[in-house]
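Novice: below: sequence and its predicted model.
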Amino acid sequence: MSVQILRAVTQHVNYLAMVRKCLAEGGEYCKCTDHHNCGFGKWYDGDGGVLIREMASPGAEALWAEIAVHHAAFHDASIAAVMTREGDGTIQEREAEMVQCSTLLVNRLLELDAMAPKMGPFSRVPGAATRR
């Protein structure tokens, strides 16, 4: 797995773990963000997008767009789960939706990683992408 994808997956999984811990412990404050302001979202909107453009692959671009949909849905579900954690008993449904979106997101990232040339753009260190 490339360094870029490994870091992106790690950022996402850490966020998922934080939300699940908040749900399990019933904490008063959970640092949920929208899909642009988490660590993965900042990478997606920044260096990740640059790297996808450098791949110049229609297949990669289609996967990238699908990742955005799953990522936004994950954040919508995680925010809904946190908001209903003490509510009407739908928390399990919200959490299941959140985990399903997370699984789809990670699977698409792994597919994207498999498409990248071994010495291509995903082998670079974050922040070192050449902008054209």
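Specialist: Structure received.

Novice: quick check: Ala81 touching Arg94?
Specialist: Yes: contact criterion Cβ atoms under 8 Å: Ala81 and Arg94 qualify, at 3.6 Å. Backbone N, C-alpha and C define where each C-beta goes, glycine included.

Novice: all helices of the chain, in order?
Specialist: Under the criterion DSSP state H, the chain carries helices at the ranges 3-25, 39-43, 49-55, 58-83, 91-115.

Novice: mean pLDDT and mean neighbour count added to the ones you listed, as CSV?
Specialist: Conversion of those to CSV gives the following (pLDDT from 0 to 100; neighbours: other Cβ atoms under 10 Å):
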stretch, mean pLDDT, mean neighbour count
helix 3-25, 91, 16
helix 39-43, 94, 19
helix 49-55, 83, 18
helix 58-83, 92, 18
helix 91-115, 91, 17
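
Novice: mind putting the ones you listed into CSV with distance to Lys31?
Specialist: Shown next, in CSV, are the helices of the chain (distance: least, Cβ to Cβ, whole Å):
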stretch, distance to Lys31
helix 3-25, 7
helix 39-43, 11
helix 49-55, 24
helix 58-83, 10
helix 91-115, 15
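
Novice: just so I know, which of those lies nearest Cys32?
Specialist: Cys32 sits nearest to helix 58-83 of all the helices of the chain, at 5.0 Å, using Cβ to Cβ.

Novice: what angle separates the closest one from helix 91-115?
Specialist: Counting by axes from the mean of the first three to the mean of the last three Cα atoms, to 10 degrees, helix 58-83 points 160 degrees away from the direction of helix 91-115.

Novice: just checking, what packs against helix 58-83?
Specialist: helix 3-25, helix 39-43, helix 49-55, helix 91-115 (3 or more Cβ pairs under 8 Å, 6 or more residues apart in numbering; DSSP states H and E).

Novice: ok, now which ones touch the spatially closest residue to Cys38 that is not a sequence neighbour?
Specialist: Spatially, and ignoring its direct neighbours in sequence, Cys38 is nearest to Tyr15 (5.2 Å; Cβ to Cβ, 6 or more residues apart in numbering). Taking Cβ atoms under 8 Å, 6 or more residues apart in numbering as the criterion, Tyr15 is in contact with 38-40, 78.

Novice: how much space between Cys32 and Leu105?
Specialist: Cys32 sits 16 Å away from Leu105, going by Cβ to Cβ, to the nearest Å.
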